[in-house]
Structures are given as structure tokens and as C-alpha cells.
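>>> sequence unavailable; structure follows:
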């Protein structure tokens, strides 16, 4: 079964700051997860990548098996995909 959300080797850098490093995660549809960590641990950065508000420096974010870099977030298909995975 294809995961609802999949992160594959996510890295996000802001200059010298390495906010997210090699994050790989699969989340099944219908499951509930939380992201916890200390201040400055990269939680908000990760959520921004999941919401397609920013692009990873490297790696891939997939929703329903489709890479977020392969779709325009304004397209109706993308909006529908986001709604069906939440």
C-alpha cells in the first residue's frame, strides 16, 4: 500500500544552518503522528516542507505516491490530494 505521506532523504539548509538532515519517514493513511523536539530542532521547517511552503535542499516529499515537486500546488488535483490525505 502506498503511504499517504512519504519523506525520502529530506535535507533542508538555510546557509550554514542544517535545519533537517536525512529525514526518511512513511505515514499510513488514517494514522495520527506528532512531531516533537527542542526549540530549533527543525519541526516547523519540516511541516513547511510537508505543506509545500518550501522545497527541500535535497530529498523528496510524496503525497499519495506523487512527488510534490511534480505538481503545481494551485492545481485542483493537488488540492484534492491534500484533502484526501488529511
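On my side now, so go ahead. It should be emphasised that the depicted structure is a prediction, and the values quoted were computed from it without experimental measurement.

>>> okay, CA-based contacts and neighbour counts for the rest of this
Noted.

>>> how about the strands in the chain?
For the chain, the strands defined by DSSP state E occupy 5-14, 17-27, 58-63, 66-67.

>>> in a markdown table: these, plus mean pLDDT and distance to residue 39.
Output for the strands of the chain, formatted as a markdown table (pLDDT from 0 to 100; distance: least, Cα to Cα, whole Å):
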| stretch | mean pLDDT | distance to residue 39 |
| --- | --- | --- |
| strand 5-14 | 95 | 16 |
| strand 17-27 | 95 | 11 |
| strand 58-63 | 91 | 23 |
| strand 66-67 | 85 | 29 |
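
>>> save the ones you listed as TSV, and put in distance to residue 50 and mean neighbour count too.
Shown next, in TSV, are these (distance: least, Cα to Cα, whole Å; neighbours: other Cα atoms under 10 Å):
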stretch	distance to residue 50	mean neighbour count
strand 5-14	8	18
strand 17-27	11	14
strand 58-63	7	19
strand 66-67	11	16
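
>>> isn't residue 27 right up against residue 8?
No: checked against Cα atoms under 8 Å, the pair residue 27 and residue 8 is beyond contact range at 11.7 Å.

>>> tell me the spacing between the most centrally placed residue in the chain and residue 32.
Nearest residue to the geometric centre of the chain (Cα atoms, centre = their mean): residue 50, 2.8 Å. Residue 50 sits 15 Å away from residue 32, going by Cα to Cα, to the nearest Å.

>>> residue farthest from the centroid of this protein?
residue 16 (21.4 Å).

>>> now do the contacts for residue 4.
Each residue near residue 4 by Cα atoms under 8 Å, 6 or more residues apart in numbering is listed here: 26-29, 62-65, 85.
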